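> Here is the input, now give the coordinates:
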Amino acid sequence: MYESLRVPLMPEGPKQIRLISPDFPWAFDIGPSAGEEVVTCFDVLAILHYALQCRLTETEWGTAGNDKCQYPLHVDWLGSSIAFMGLVKDEASVRFILTGGGERPETWVVKFQKL
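A predicted model of the protein is given here:
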């Protein structure tokens, strides 16, 4: 069913990437799924979906504000901006969001928009 998404994310075929966004305070590191040698489009969509369905910690939810639901998920952090618009290369955002030195995997910025 999802075989058309099991293609390399980009021609260079990265073995690991990091997803960040100005819309959430986390970074998601993604490697190839079982049986794959490089990160695929399916890997990105599957991990992003899975990660956004995880529950917020109490500390994260306390940072988010006062609108508390009983079982907040990472996706709740996004408010109404939940439409996935794609990934972009934005080195300025990467430098702003990811502080500190050291090696980091190829980093992409996730874009969302309101429904």
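> Select the helix or strand of the chain having the lowest average pLDDT value.
helix 91-97 (a mean of 70; mean pLDDT, DSSP states H and E).
> Can you list the buried residues in the next helix or strand after that helix?
Later in the chain than helix 91-97, the nearest helix or strand by DSSP states H and E is strand 106-113. Neighbour counts over strand 106-113 (16 or more other Cβ atoms under 10 Å) mark T107, W108, V109, V110, K111, F112 as buried. All C-beta spots, glycine's among them, are computed from the backbone N, C-alpha and C.
> what do you get for stretch 19-27?
L19, I20, S21, F24.
> Hmm, T107 and the third one touching each other?
No - in terms of Cβ atoms under 8 Å, S21 does not count as a neighbour of T107; the distance is 10.8 Å.
> Now do the contacts for the residue positioned nearest the centre of the chain.
By Cα atoms, centre = their mean, the chain has its centre lying nearest to L19, at 4.2 Å. By Cβ atoms under 8 Å, 6 or more residues apart in numbering, the residues touching L19 are A27, F28, I30, V44, I47, L48, L87, T107, W108, V109, V110.
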